[in-house]
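Participant: Output the structure for:
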Amino acid sequence: MSASPPPGQPTTPPVPGSDKPRPDKPSKDRRERPEVDDETRRFYSRFIGWLVLALIIGYAGLQLPLPWRLVTIAASLAGLAGAVVLLVHAIRKRLMASTTIAAVIFIACFGFFLFSAAFQAVFWEASVQFDECLRSSVTERSTQACYDEYEQNMFDSIPGVGGE
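Facilitator: Residues are numbered from 1 along each chain as shown. Just a heads-up that it's a prediction; the model follows:
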C-alpha cells in the first residue's frame with residue numbers, strides 16, 4: 001500500500017466548511033428581508049403607539065377601584081387583538097425582529113392584565129370586600145388578615161369547594 005493518492009486526485013485534503021456559501025455571494029435559498037419604506041414604518045410606529053396606550057390604560061385600570069377595573073378588560077381585549085394582528089403582520093411581511101419581539105411582549109402583558117382583571121370580575125363580591133378591607137387596614141397584620149379573608153371569600157363563592 002502506498003501513502004500517495006491515486007493519479008488525478010488532489011493532494012491536499014478538502015478544508016471543512018469550504019462548501020458553505022460565501023458572504024459576497026448570497027445563496028438562492030437565503031431569504032432577504034425586504035426594505036421597509038417610510039410610510040410602512042410610520043404605520044407600524046403608530047400601531048405600536050396605540051398598543052402602548054392600551055397597555056397604560058390597562059395597567060391604570062388595575063390600580064382603580066373595582067367598577068373601574070372593568071376598563072382593564074376592555075383595554076386588554078383590544079390590545080391583545082391588536083398585538084396578535086401585529087405579530088401576524090411582522091411574521092408574514094418579515095418585519096424587523098424588534099417588531100416581532102414587541103408583539104410577543106404585548107401579548108404577554110395584555111394576557112396577564114386580562115387574566116387578573118377577569119379573575120377579579122368573576123369574584124366580584126370578594127374583590128369589593130377585599131378593596132374595602134385594604135383601604136381600612138393600617139398595620140401589616142390587618143393587611144395580612146385582608147388577604148386571608150379575600151382568599152376565604154373566593155373559596156366560599158365556588159360551589160362545592162367553599163365552606164357553604
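Participant: so which helix or strand takes in the spatially most central residue of the chain?
Facilitator: Nearest to the geometric centre of the chain sits A108, at 2.4 Å (Cα atoms, centre = their mean). Under the criterion of DSSP states H and E, A108 resides in helix 97-122.
Participant: quick one, domains of the protein?
Facilitator: Using automatic domain parsing, the domains assigned to the chain come out as 38-119, 123-159.
Participant: Can you give me the buried ones in stretch 106-121?
Facilitator: Under the neighbour-count criterion of 16 or more other Cβ atoms under 10 Å, stretch 106-121 has F106, I107, C109, F110, F113, L114, S116, A117, A118, Q120 buried. Yep, even glycine has a C-beta here, placed from its N, CA and C like the rest.
Participant: name the element Y147 belongs to?
Facilitator: Assessed by DSSP H and E, Y147 sits inside helix 140-157.
Participant: What's the local residue count around A126?
Facilitator: 19 (other Cβ atoms under 10 Å).
Participant: and whichever strand or helix holds it, what other elements does it pack with?
Facilitator: Using DSSP H and E, A126 maps to helix 124-136. Under the contact criterion of 3 or more Cβ pairs under 8 Å, 6 or more residues apart in numbering; DSSP states H and E, helix 124-136 touches helix 66-92, helix 140-157.
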